[in-house]
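Asks: coords please:
(one chain, ligands or ions: 1)
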Amino acid sequence: MKARVLALIFCLTLSPAMLIAGEVEVLHWWTSGGEAKSVAVLKQLLEEEGHTWKDFAVAGGGGDTAMTVLRSRAVSGNPPTAAQVKGPQIQQWGDEGVLANLDEVAAAGSWDDLLPKVVADVMKYDGSYVAVPVNVHRVNWMWVNPEVFRQAGAMIPTTWEEFTVAAEKIKEAGFIPVAFGGQDWQEATVFEIVVLGVGGPDFYEQALVKADPAALNSPTMIKCLETFKAIKPYTDANAPGRDWNLATAMVIQGKAAMQFMGDWAKGEFTAAGKRPGVDYVAVPAPQTSGAFLFNVDSFIMFDVKDEDAQEAQQAMARLIMGEQFQQVFNVNKGSIPCRLGMVRGAFDDPALRSMDEFSSAAASGNLLPSMAHEMAVFPAVRGAIFDVVTNFYNSDVSATKAAEQLAQEVQAAAY
Ligand code: BGC
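Replies: Numbering: from 1, shown residues only. Down below sits the predicted model:
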């Protein structure tokens with residue numbers, strides 16, 4: 001009797017939204033220290049509304065393994081309720097007609113007013129919202145351990161020429177100049193950062209967004225490839241296969257001087273209790289100041305029959321776009337909120353710089369989608385670029401030959 005009274009009191013204290021509780025199975029690849037701390041925020045918010053979170057984490061930075069697992073679950077007719085999917089891939093899932101429509105929750109939350117157009121467009125299929133954006137990551141960062149630079153008597157580089165001078169000094173002083181993870185997506189990340197710096201924003205767009213064969217096989221691309229490969233002598237012998245967060249740890253621990261990586265790396269510094277401007281320095285990668293390579297994480301929802309699960313999906317979408325989630329998640333994750341007009345007080349200097357440069361880059365035409373992080377080209381083209389870049393980095397193929405291969409492979413993948 002007492003239990004029944006308690007249950008009744010419990011039900012009466014619930015808000016209407018809490019009365020319908022469903023389960024969401026969420027596929028994502030956020031498994032590093034900073035990433036796990038970030039995704040825990042979403043789980044907590046959903047559970048506070050009475051929903052159940054079934055975690056479907058697939059390890060592997062950059063998410064390629066997660067995408068393979070997602071496809072096989074979908075092919076067998078059993079997709080999860082929600083999945084971390086981004087960029088042009090959202091259109092591909094839309095073509096398959098398997099996505100839930102989020103227009104109602106988007107209208108109630110005024111997403112059209114709150115999101116920059118460049119972000120909103122990616123979330124829509126055929127004019128309707130089918131994905132909810134989580135954040136904006138900036139890819140073209142350099143993460144620096146200032147103490148290592150100090151001990152080596154080196155200056156933090158702003159150009160690739162200065163990079164070589166600094167890297168030589170750091171190597172001589174007995175440190176590893178560049179913390180590097182030899183996995184194809186990390187190689188592609190560093191490659192696109194170099195293309196942006198050496199080729200400039202217009203060239204980046206022509207080569208890695210428009211995938212123009214003339215830009216891919218050009219003297220500028222050859223120079224980009226050479227500059228990219230010139231980083232290799234400044235990495236260590238254990239780089240092949242290393243996870244990105246272990247590379248970040250080398251900078252945190254003062255074993256390495258710098259890492260070229262998107263600002264999910266900041267999540268690792270934050271999780272380790274390190275302070276920007278004191279324990280580490282975040283600066284745009286050489287020659288990319290003022291340009292912004294963006295990478296927006298997002299979730300798609302699959303069309304499910306169960307009404308409680310549908311309710312949980314809508315709740316998840318609403319919570320993700322809410323101010324509380326946007327603040328706490330992005331502080332942990334290293335990214336900036338995707339919704340405009342957020343209070344800036346909670347964010348650190350690199351995040352504030354990102355926010356400002358996101359707006360100024362958008363105004364000057366220097367806001368560009370990341371190829372490596374699935375924002376720019378369809379997966380087949382991205383895969384072709386990855387293959388050539390990783391083969392070039394790990395073999396004796398010349399830069400001239402690799403540029404030819406880029407144009408050939410990309411054309412074969414595109415048609
Ligand atoms: C994602 C980030 C993630 C990183 C490393 C990127 O593609 O956008 O959210 O932290 O990969 O896994």
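Asks: Next secondary structure after the helix or strand where Met355 lies?
Replies: In this structure, Met355 sits in helix 349-364 according to DSSP states H and E. Downstream of helix 349-364, the first helix or strand assigned by DSSP H and E is strand 367-369.
Asks: That following strand pairs with which strands?
Replies: Using DSSP bridges, the strands paired with strand 367-369 are strand 292-295 (parallel).
Asks: What helices and strands are in contact with the helix holding Met355?
Replies: Packing partners of helix 349-364 (3 or more C-beta pairs under 8 Å, 6 or more residues apart in numbering; DSSP states H and E): strand 137-138, strand 281-284, strand 292-295, strand 367-369. Where you see a C-beta, it was placed from the backbone N, CA and C, and this is true even at glycine.
Asks: Go again with 6 Å.
Replies: Applying 3 or more C-beta pairs under 6 Å, 6 or more residues apart in numbering; DSSP states H and E, one finds that helix 349-364 contacts strand 292-295.
Asks: Taking the stretch 301-415 of the chain, what residue is nearest to the ligand?
Replies: Distances between the stretch 301-415 of the chain and the ligand by C-beta to the nearest ligand atom are smallest at His373, namely 4.3 Å.
Asks: Need the three-state assignment for that residue.
Replies: Here His373 is recorded as coil under DSSP: H, G, I helix; E, B strand; the rest coil.
Asks: can you pull the contacts of the closest residue to it other than its chain neighbours?
Replies: Nearest residue to His373, sequence neighbours excluded (C-beta to C-beta, 6 or more residues apart in numbering): Asn295, at 3.8 Å. If you count contacts by C-beta atoms under 6 Å, 6 or more residues apart in numbering, Asn295 has them with His137, Val139, Gly262, Ser370, His373, Met375.
Asks: what do you get for Thr227?
Replies: Thr227 is in contact with Trp160, Val194, Val198, counting by C-beta under 6 Å, 6+ apart.
Asks: same question, Asn101
Replies: Asn101 sits in contact with Ser128, where contact means C-beta under 6 Å, 6+ apart.
Asks: And the contacts of the host helix or strand of Val165?
Replies: When elements are defined using DSSP H and E, Val165 is found to belong to helix 160-172. Contact with helix 160-172 is made by Ala152, Gly153, Ala154, Met155, Pro157, Pro177, Thr227, Tyr234, Ala257, Pro286, as judged by C-beta under 6 Å, 6+ apart.
Asks: Can you give the domain ranges for the chain?
Replies: Listed by automatic domain parsing, the domain ranges of the chain are 16-137+295-364, 138-294+373-414.
Asks: Now tabulate the ones you listed in a markdown table and tack on mean pLDDT.
Replies: Compiled in a markdown table, those are given as follows (pLDDT from 0 to 100):
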| stretch | mean pLDDT |
| --- | --- |
| domain 16-137+295-364 | 95 |
| domain 138-294+373-414 | 98 |
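Asks: So which of those domains is the most surrounded?
Replies: domain 138-294+373-414 (a mean of 20; mean count of other C-beta atoms under 10 Å).
Asks: got the end-to-end distance for that domain?
Replies: Domain 138-294+373-414 has an end-to-end distance of 27 Å (criterion: C-alpha to C-alpha, to the nearest Å).
Asks: chain center to the helix or strand encompassing Ala384: distance?
Replies: Assigned by DSSP H and E, Ala384 belongs to helix 379-393. Helix 379-393 has its C-alpha centroid displaced from the chain centroid by 18 Å (C-alpha atoms, centre = their mean, to the nearest Å).
Asks: Show me what it is packed against.
Replies: Helices and strands touching helix 379-393, by 3+ C-beta pairs under 6 Å, 6+ apart, are helix 184-194, helix 399-414.
Asks: Does the ligand have contacts with it?
Replies: No - Helix 379-393 stays clear of the ligand (C-beta under 6 Å from any ligand atom), getting no nearer than 11.6 Å.
Asks: just to revisit the earlier point, okay, among the contacts of Asn295, which ones form the most distant pair?
Replies: Greatest spacing in the contacts of Asn295, by C-beta to C-beta: Gly262 and Met375 (11.2 Å).
Asks: What residues are bridge-paired with the closest residue to Ile231 other than its chain neighbours?
Replies: Closest residue in space to Ile231, ignoring its immediate chain neighbours: Val178 at 5.8 Å, by C-beta to C-beta, 6+ apart. Using DSSP bridges, the bridge partners assigned to Val178 are Met258.
Asks: Surely Val178 and Thr235 touch.
Replies: Yes - with contact defined as C-beta atoms under 6 Å, Val178 and Thr235 form a contacting pair (5.1 Å).
Asks: Where does the stretch 51-200 of the chain get nearest to the ligand, residue-wise?
Replies: Gly61 (3.7 Å).
Asks: List the contacts of that residue.
Replies: Trp244.
Asks: helix or strand for Glu147, which one?
Replies: helix 146-152.
Asks: just how off-centre is that helix within its chain?
Replies: Counting by C-alpha atoms, centre = their mean, helix 146-152 comes out at 29 Å from the chain centroid.
Asks: tell me what that helix is packed against?
Replies: Judged by 3+ C-beta pairs under 6 Å, 6+ apart, helix 146-152 is in contact with no other helix or strand.
Asks: returning to what we had before: mind picking the one among the contacts of helix 160-172 that's closest to Gln44?
Replies: The closest of the contacts of helix 160-172, once distances to Gln44 are taken by C-beta to C-beta, is Ala257, at 36.7 Å.
Asks: isn't the closest one right up against Pro177?
Replies: Yes - assessed by C-beta under 6 Å, Ala257 is found in contact with Pro177 at 5.2 Å.
Asks: Get me the contact residues on the chain for the ligand.
Replies: Residues of the chain lying close to the ligand by C-beta under 6 Å from any ligand atom are Trp29, Glu35, Gly61, Gly62, Gly63, His137, Trp244, Trp264, Asn295, Asp297, His373.
Asks: Phi, psi for the first one please.
Replies: Dihedral angles of Trp29 (phi, psi; degrees, to the nearest 10) stand at phi -120, psi 30.
Asks: Give me the distance between it and Glu35.
Replies: 8 Å (C-beta to C-beta, to the nearest Å).
Asks: what's the answer for the last one, then?
Replies: The span separating His373 from Glu35 equals 14 Å under the rule C-beta to C-beta.
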